[in-house]
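Asks: Predicted model, plus sequence, below.
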Amino acid sequence: MLKPTLKQNFLDQYPDTDDQAYKAQQSMKQAYFNASFYKQAVPLTSWLVLLFFLSIGGCLTALYLDALNIAIRLLGSAFIFIAFLYLKLPTFQAQHTFWKAYLQAHPKNELKVVILPLDLPIQQRQIALLTKFKCCTLVAGLILFYASLFL
């Protein structure tokens with residue numbers, strides 16, 4: 001729901017842009033963001049993804065070997081790793097601050113960055129949904145992990 005609003009604002013500011021140029025601009029903008037913002041987060045993110053896949057693989061192996069207790073514990077661990085991965089992702093506020101700083105540092109705006117205000121209802125809804133998802137994933141992982149201790 002957020003992307004059409006962002007795309008519409010972009011096309012309103014840059015009317016001579018076609019759909020292909022918009023996609024190219026978005027990929028350049030994402031590459032710049034990843035290179036600048038994720039410098040410190042890459043090692044931890046890589047480890048969390050690796051641990052997630054190892055947990056899922058271990059869970060499937062434990063299910064195959066009829067070890068339900070271990071499978072539930074590993075599934076809970078996988079949920080916890082995903083929750084930490086989502087907690088490590090930048091928030092909308094951090095991205096907003098990053099792009100405002102970019103616009104101040106680059107007045108020519110070579111990447112054609114368009115910033116939506118954070119107080120839009122659609123932005124607030126996205127922030128609330130992502131926060132609920134992070135919390136639910138972490139709680140589900142903790143419940144599965146600790147429930148497996150009592151099986």
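Replies: Sure thing, it's come through.

Asks: Can you point out the buried residues in the lengthiest helix in the chain?
Replies: Longest helix of the chain, by residue count under DSSP state H: helix 121-148. Across helix 121-148, burial judged by 16 or more other Cβ atoms under 10 Å covers 123, 134, 137-138, 140-141, 144-145, 148. Quick note: C-beta positions are derived from backbone N, CA and C, even for glycine.

Asks: a markdown table please, covering the residues you listed and showing pLDDT.
Replies: Converted to a markdown table, those look like this (pLDDT from 0 to 100):
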| residue | pLDDT |
| --- | --- |
| Gln123 | 66 |
| Lys134 | 78 |
| Thr137 | 81 |
| Leu138 | 80 |
| Ala140 | 84 |
| Gly141 | 82 |
| Leu144 | 82 |
| Phe145 | 78 |
| Ser148 | 76 |
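
Asks: Go through those and name the one nearest Ile115.
Replies: Using Cβ to Cβ, Gln123 comes nearest to Ile115 of the buried residues of helix 121-148, at 10.8 Å.

Asks: Just send the buried residues of helix 121-148 back as CSV, with distance to Asp18 too.
Replies: What follows is these, written out as CSV (distance: Cβ to Cβ, whole Å):
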residue, distance to Asp18
Gln123, 26
Lys134, 36
Thr137, 39
Leu138, 42
Ala140, 43
Gly141, 44
Leu144, 48
Phe145, 50
Ser148, 54
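
Asks: mind checking how far stretch 94-104 is from the chain centre?
Replies: 17 Å (Cα atoms, centre = their mean, to the nearest Å).

Asks: What average pLDDT does it get?
Replies: Summarised as a single mean, pLDDT over stretch 94-104 is 86.

Asks: Show me the shaky parts of the protein.
Replies: 1-5, 38-42, 120, 122-124, 151 (pLDDT under 70).
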